[in-house]
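1. for reference, the sequence and a predicted model appear below.
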Amino acid sequence: PPRRQALDAAYSIVKHILTKHGYLSQFINFNTYDHGNPRDERKSGTILQGVARQILSKCGVRVWWVSLPREIPMPAVFVGVDVFHAPRKYDAKAGKRTAKQSVAAIVVQVIRSHEEKDNANADVYSETFRRNVGQEMDLGNCMKQTVSNALRALDVNPMSCVVWRDGVGSPAINTVAGQEIPAVRQALAAANATAIQAPGDGLPAHIPLSYIVVQKRIATKFLTNDGQSGLPCGSLVVGMGSTEHSTFYINGTSPPYSTPKPARFVIAEMDDGFGEESKTTKTMANLSWALCHDYSNWTGPIKLPSPVQMAHKLAELAGGMSDCGESINSKALAGKIHFL
């Protein structure tokens, strides 16, 4: 970038051109750190290791494996959904600050079995959608289209499906769930139409679905009994929150000099098929925490499960493009985490 800026205005333009034609790319900002003449070899090595992980992930390699709860039927489809709202910027023609259109990103991740050897590739499919300014809901058709295309592109007949939806406030949970859950069910049913016609082939006629709303911007914080420190990383709190839906909190990160803020997980839908009914909340909590370690762009746990974090990353990337990511060649980039 010119004049030692952190970002280059040409970045989103070049990304737009490359993703439109299905090409992978990786950029390194030497203004952040000069790797040609490093002052600290260790720092340079750490940064370049992260770049190497990104390149491998973009090429479709699973850089590490996390064990998932055995109660989850495999193959499993994990769906992450997020919407990016661009900040308002001053428009010289209009003479005021205007907002760019929002972008919704849907990421579908397939886990084929509980064994590491069967999951060497990063089976990920993603699509983005242009939205009106500030529009968060009405993603039913988008989710149906993306899940259907993902199952076809990744060639999988799922035995279960879990959806993590970000960006939904508590008053809107039932509305959003009512729009999106039937759409996902339709996509799963269409993909498994052969299972309904021939139940003896081992595929279920009804695929169990769990729909979880993830809330980051909450006021709830948990402290130790003496009030001197926050709960450690990975702490799970169950039994608090909504009386209508099962809710749990996960303290994904624990900064040393500030009060950690957990993420709230609200289970809006839970079908039978994820183990004992009395333990399904704990199963979803264990699954969510395991996937917090599965984000290949960070070596430690993050605050959100990897499908949601990937959706956030993709939505932010597409939000910087002139067409809000509509030209991204999702079919050519299937099986590759191209947006890291």
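-> Perfect, thanks for sending it.
2. in the chain, which helix or strand is least confident?
-> helix 193-197 (a mean of 54; mean pLDDT, DSSP states H and E).
3. contacts for stretch 171-181?
-> When contacts are defined by Cβ atoms under 8 Å, 6 or more residues apart in numbering, stretch 171-181 is touched by residues 81, 136-140, 143, 163, 165, 168, 209, 211, 213, 245, 266, 268-269. Glycine gets a C-beta too; all of them are placed from N, C-alpha and C.
4. I'd like the mean pLDDT over that stretch, please.
-> On average, the pLDDT along stretch 171-181 is 93.
5. do stretch 115-129 as well
-> Averaged over stretch 115-129, pLDDT sits at 92.
6. output that stretch as PDB, restricted to C-alpha atoms.
-> The C-alpha coordinates for stretch 115-129 follow below in PDB (Å, rounded to 0.1, in the frame of the first residue of the first chain):
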ATOM      1  CA  GLU A 115     -12.100 -40.100  11.800                       C
ATOM      2  CA  GLU A 116      -9.300 -37.700  10.800                       C
ATOM      3  CA  LYS A 117      -8.200 -39.700   7.800                       C
ATOM      4  CA  ASP A 118     -11.600 -39.200   6.100                       C
ATOM      5  CA  ASN A 119     -11.400 -35.400   6.400                       C
ATOM      6  CA  ALA A 120      -8.100 -34.500   4.800                       C
ATOM      7  CA  ASN A 121      -9.700 -31.900   2.600                       C
ATOM      8  CA  ALA A 122     -11.500 -28.700   3.700                       C
ATOM      9  CA  ASP A 123     -15.000 -29.400   2.400                       C
ATOM     10  CA  VAL A 124     -16.300 -25.900   2.400                       C
ATOM     11  CA  TYR A 125     -18.800 -24.200   0.000                       C
ATOM     12  CA  SER A 126     -19.900 -20.600   0.300                       C
ATOM     13  CA  GLU A 127     -22.100 -18.000  -1.400                       C
ATOM     14  CA  THR A 128     -22.800 -14.300  -0.800                       C
ATOM     15  CA  PHE A 129     -25.900 -12.200  -1.400                       C
END
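7. now the strands for the stretch 51-200 of the chain?
-> Counting by DSSP state E, counting those that start in this stretch, one finds strands in the stretch 51-200 of the chain at the ranges 76-84, 89-91, 96-98, 102-111, 124-131, 160-166.
8. mean pLDDT lowest for which of those?
-> strand 89-91 (a mean of 76).
9. returning to what we had before: JSON lines for the strands of the stretch 51-200 of the chain, including mean neighbour count and distance to Asn149?
-> Listed next are those as JSON lines, based on neighbours: other Cβ atoms under 10 Å; distance: least, Cβ to Cβ, whole Å:
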{"stretch": "strand 76-84", "mean neighbour count": "26", "distance to Asn149": "12"}
{"stretch": "strand 89-91", "mean neighbour count": "10", "distance to Asn149": "33"}
{"stretch": "strand 96-98", "mean neighbour count": "10", "distance to Asn149": "33"}
{"stretch": "strand 102-111", "mean neighbour count": "27", "distance to Asn149": "8"}
{"stretch": "strand 124-131", "mean neighbour count": "24", "distance to Asn149": "7"}
{"stretch": "strand 160-166", "mean neighbour count": "25", "distance to Asn149": "15"}
